[in-house]
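Novice: No letters, just coordinates:
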């Protein structure tokens, strides 16, 4: 892999983090929880009348501001001829986020969120295809377990076949987009440095998003509780994106990062069910048997995470 453009102190800190029980995996763990909480809040904002374009615009602009902080990590601007690299990442990120919001708008959070976990398989396949990393068999076993867990969760939606198929198709498309994004970040970011590549990616995201302004709806945001819900949801989505992108760009461990990130399937079932029981929502309409089956699938996903973490520690 290409050498990093980073300060000596930052390189030492990164190495220590990798050695100390692969603590960089705490980043995708935090991201898995933030992602689900953010989606639940955004789902509630959508029910209140916030349009998907408005949500996408606010999320992209907040991500642009948040990722600008990473400029302090340092790096090297590779020049205008290579600007197409962060531009490709920006396009994939925006596409993936658009598909994500479309999936939760059309279907249940407890269906869409675990299906996003198929990203684990796509990342493993792409890393192998690009010859960026030789993956131990444990990661492949974990990817298979994650897929089984996702299939169990998807199977519980037979009561609404058309909605489930559409939700799953959107979620899978989002997973492909984000998986490609992660692998290309691992491939291209080292030669720039995380402190240059990542902020430039999200500056492109922010500038491109301004084209959505004519179609954004601000009237519903005059209601304080709707505005708070949307802003908080977008904030959590931005923070989880920082966790994932930094974990991949700085530590270059996209396969294990994404298996741990698949824990969002567990949180997606448990949190969506609990919150729906309190505040109402589509999950409250399902029987206990359906939600328990989804939870069982999420537990299989968790087993995949444990397998990867154990393989990481033994490899370290």
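Specialist: Thanks, I have the structure now. A quick note: this is a predicted structure, and the numbers were derived from the prediction, not measured.

Novice: Can you pull the poorly scored residue ranges out of the stretch 51-200 of the chain?
Specialist: 110, 153-161 (pLDDT under 70).

Novice: Quick one: the strands in it, in order.
Specialist: Under the criterion DSSP state E, counting those that start in this stretch, the stretch 51-200 of the chain contains no strands.

Novice: As a check, name the ranges of all helices in it.
Specialist: Applying DSSP state H, counting those that start in this stretch to the stretch 51-200 of the chain gives helices spanning 52-68, 84-106, 109-115, 119-129, 137-155, 161-192, 194-209.

Novice: which outside residues touch the third one?
Specialist: I take that to be helix 109-115. With contacts defined as CB atoms under 8 Å, 6 or more residues apart in numbering, helix 109-115 is touched by 35-36, 39-40, 43, 100, 103-104, 149-150, 153-154, 156-157, 164, 167-168, 170-172, 175, 264-269, 272-273, 283, 291, 294, 297-298, 301. The way it works is simple: take the backbone N, C-alpha and C, and place the C-beta from them, glycine included.

Novice: quick one: buried residues of it?
Specialist: 109-115 (16 or more other CB atoms under 10 Å).

Novice: Now the residue positioned nearest the centre of the chain: which helix or strand?
Specialist: Central residue of the chain (CA atoms, centre = their mean): residue 241, 6.0 Å from the mean position. Using DSSP states H and E, residue 241 maps to helix 224-251.

Novice: Tell me how many other residues surround the closest residue in space to the residue nearest to the centre of the chain that isn't next to it in sequence.
Specialist: Leaving out its chain neighbours, the residue that sits closest to residue 241 by CB to CB, 6 or more residues apart in numbering is residue 63, at 5.8 Å. By the criterion of other CB atoms under 10 Å, residue 63 has 26 neighbours.

Novice: Touching, residue 63 and residue 208? I think so.
Specialist: No - using CB atoms under 8 Å, residue 63 is not in contact with residue 208; the gap is 11.8 Å.
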